[in-house]
Each structure stands twice: as C-alpha cells, then as structure tokens.
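Undergrad: Have a look at this prediction, sequence included:
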Amino acid sequence: MKTRIVQVEEKNIDMEIIREAGEIIKAGGLVAFPTETVYGLGGDALNGASSGKIYAAKGRPSDNPLIIHIAGMEYLPRIVKRIPEEAYKLAGLYWPGPLTMIFEKADCVPLETTGGLATVAVRMPSNKAARALIEAAGGYVAAPSANLSGRPSPTMAKHVIEDMDGRIDMIIDGGEADIGLESTIVDLTGDGPVILRPGYVTREMLEDAVSGVAVDGTILGGDAAGAPKAPGMKYRHYAPRGSLVIVEGMQEKAAACINSRLKAHRQAGERTGVIATDETAALYQADSVKSLGRRSDEETIAKHLFQILREFDEEEIQFIYAESFDARGVGQAIMNRLLKAAGHQVIRQ
Ligand code: AMP
Ligand code: MG
C-alpha cells in the first residue's frame, strides 16, 4: 500500500486535507494523526472491520481495546450506556485534553473496537487538527498510538513513518507532540474512579474534580502484582531493541554503578547508552549519553522519553542504563513507561 504523507499545522489547518483524511476513515481506511499526547492511528470506531485493520497494521493483540476519540461532549451519549456524574465533572476540567474515561459501552460500539469488552474508553483530544479530523471522519475515531505494537509510542511524524509507512493510507504530520506520553486512563464503571494508566493528568489533578480516586495496584508493580485492568498494560511496551536497566539510588552511587557496568560492556566490545538528566549527563562514559532534560522539569522529561528510546535503536545501542525518577505527579507516568520499557529490570543501589 502507498502511504500518503501530508502536513497540517494546528495553527493554520488545511481543511481540504482534513476533509480528504476524513473521507478515507469513513470509507474504512486508516489515517495516522497528531494529538497532544502521542500520534494516533485512526479508523472508524463504529466499523468493526476498521478496528480489525488497526490491529493488523500495528501487529497488536486483538484483546487490547482501542480508545474512541470524539470532538465534543455532544458525541458521547451515543456510544455509552450511562454518563456518571463524575464524568461530567472530569470532562469539565480536563476535556479536551489528555484524559481517557471508561464507560459501559452502547450497542453501536463493535466488540472489535473494545477488544471484546462491554466497556469503552473515550477521549476528547485538545489538538485542534485532531478534533477537525474526528469531525470530518463522522465523529468517532478509534485511535491507539501509531507505533508497531511493543515499540515506543510515536511523538513525531518521522516515528510514525518508521513504523507505518506502507501499512496505512495516510500520515498527517503535525509536528512534535506537546506532552509525549499517552493519556491518563480512568475507569468510571466501578464503585469509584480508578486510574488504570497514569499520564499527564495526575491523581491529585483528578481529585480536584472528584473524590476518592484509586490507583490500579499494577501500575508501578512488576508482573507479580497481578493482572492490570487496562488489558494493554499487561504487554511489554515501549521497549527499545537493546536491553534497558533502571538504576535506582543516590545519584553518586547510581552513577558509579552505571559506569562500572558500562566499562564491562566496553571491554566486551558492546555498544552502550545512558538515559540521564542535564545535571548528570557529564558523569557517564558511554557510546551515547542522552539527557531527558532538567530533573526538576517533569514535563520536558515526559516529552523526550519515547523519542530517546527510539534514538538508541537508530544508534544500535545494545545495553542502556537509565537513571530513576521520583514517582510522584507526572513522575508516576514517567516511571510507569520506563519500567515497562525496561521489562521491570531494576538495580537498587
Ligand atoms: P493506546 O491506544 O495504545 O494508548 O492503548 C490504549 C489503552 O487503553 C490500552 O492500554 C488499553 O488496554 C486501554 N483501554 C482501552 N479500552 C479499555 C477498556 N474498555 N477498559 C480498560 N482499558 C481500556
Ligand atoms: Mg500504545
């Protein structure tokens, strides 16, 4: 398949391109598009065959449900059975934005889209080009991250091209994603709101709208922590091709541990990388040392994580060591992604 690559600026949206992209989705095709979290791979959410194509293009297990993207609150009632009071409160503060809510699904939502579940995940992105596309596509766009299953999520069009060129109809290049981590997922189908996947919208932020927000116990735990409620969270994810190990502990001790390991790899002729911060990058002797940003600037760290994991692949780095981050606030989402990328390989110093 020939993939058409087009450019759309969020500040000056080319509506003719958006209309064409919408027609592709309406006709059952797939279009990758920018959102404020990561790039999405969009298909018609109400067409089970389109969802089937999304799983095939990504190589994604078909029990891993897709998030339906909508462009306005008026689209929500059609695809859910009931809108709990908490949903209005959360939407009031965080929609459009990087928050996904889980509802009981209405009959019109095909089981292909929900991975066989009776519930459905819904998000309203803040990226204006994304919302224009969703409207042009008929209002309901199923869109997981636009990467091959298992690879780091794409934060730039070039990442989507690496993974999806030749597999989908169109890629809309809208520049670098603002946030760079996937949405926070909150389940509203149980007794109280439960965070199934941490993201930019933290538990503290959710509690500004609703009380008693719980966190699924598997979010930072290893495989022993049980089965996560978001089916996608059970798969190894975001993984670079090389081995990735996180080193926890005080800065000096962690750096000494990483450097001694780097030395052993060097002696064995292996290519090494380190995920560091501006404050620590100069401490390491590796083939490739990458800083995520200033340690205190969580938003910048979040934005660069997936991009850096992909860069190590390009540089054919075999052994990567990462510093650890404080798992509070956005740090919880950062550590959740990093731990998954590392397959939970952690050294404590
Ligand atoms: P992605 O679209 O790649 O960000 O992945 C979507 C995530 O949302 C996966 O981890 C899914 O398991 C999760 N998800 C989607 N729908 C549901 C649902 N109905 N219940 C629980 N988790 C869901
Ligand atoms: Mg994904």
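TA: Perfect, I can see it now. Keep in mind that this is a model prediction, so the values were computed, not measured. Numbering: from 1, shown residues only. Ligands and ions are numbered 1, 2, ... in the order given.
Undergrad: Of all the residues in stretch 49-68, which ones are buried?
TA: Buried residues in stretch 49-68, defined by neighbour count with 16 or more other C-beta atoms under 10 Å: 50-55, 57-58, 60, 64-68. C-beta: built from backbone N, CA, C; applies to glycine.
Undergrad: Please list which of those residues are also close to ligand 1.
TA: 64-65, 67 (C-beta under 6 Å from any ligand atom).
Undergrad: nearest to residue 300, of these?
TA: Ranked by distance to residue 300 (C-beta to C-beta), those are led by residue 67 at 25.1 Å.
Undergrad: Quick check: the closest one vs residue 281, distance?
TA: Separation of residue 67 from residue 281 (C-beta to C-beta, to the nearest Å): 35 Å.
Undergrad: Closest residue of the stretch 151-300 of the chain to ligand 1?
TA: residue 232 (2.3 Å; C-beta to the nearest ligand atom).
Undergrad: separation between the residue lying closest to that residue once chain neighbours are set aside and residue 5?
TA: Counting by C-beta to C-beta, 6 or more residues apart in numbering, residue 232 lies nearest to residue 64, which is 4.5 Å off, once chain neighbours are set aside. Here the criterion is C-beta to C-beta. By it, residue 64 lies 27 Å from residue 5.
Undergrad: cool, residue 105 as well?
TA: With C-beta to C-beta as the criterion, residue 105 and residue 5 are 34 Å apart.
Undergrad: Looking at the two, which is more packed in?
TA: Taking other C-beta atoms under 10 Å, residue 105 and residue 5 do not tie; residue 105 has more neighbours (23 against 13).
Undergrad: How about the more buried one: which residues does it bridge to?
TA: Beta bridges link residue 105 to residue 80, judged by DSSP bridges.
Undergrad: As a check, name the ranges of all helices in the stretch 101-250 of the chain.
TA: 128-136, 157-164, 203-206 (DSSP state H, counting those that start in this stretch).
Undergrad: Next, see if stretch 138-145 gets close to ligand 1.
TA: Yes. Using C-beta under 6 Å from any ligand atom, stretch 138-145 reaches ligand 1 at 144-145.
Undergrad: Only C-alpha atoms, please: export that stretch in CSV.
TA: Provided in CSV are the C-alpha atoms of stretch 138-145 (Å, rounded to 0.1, in the frame of the first residue of the first chain):
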residue,chain,number,x,y,z
GLY,A,138,-18.0,11.2,11.2
GLY,A,139,-17.4,11.8,14.9
TYR,A,140,-15.9,8.6,16.3
VAL,A,141,-12.3,7.7,15.6
ALA,A,142,-10.7,4.6,17.2
ALA,A,143,-7.1,5.5,17.7
PRO,A,144,-4.4,3.7,19.6
SER,A,145,-0.8,5.0,19.4
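Undergrad: List the buried residues in it.
TA: For stretch 138-145, by 16+ other C-beta under 10 Å, it's 138-145.
Undergrad: again with stretch 267-283
TA: 271-277, 280-281, 283.
Undergrad: what's the next secondary structure element after the helix or strand containing residue 253?
TA: Here residue 253, judged by DSSP states H and E, is contained in helix 251-267. On the C-terminal side of helix 251-267, the closest following helix or strand by DSSP H and E is strand 272-276.
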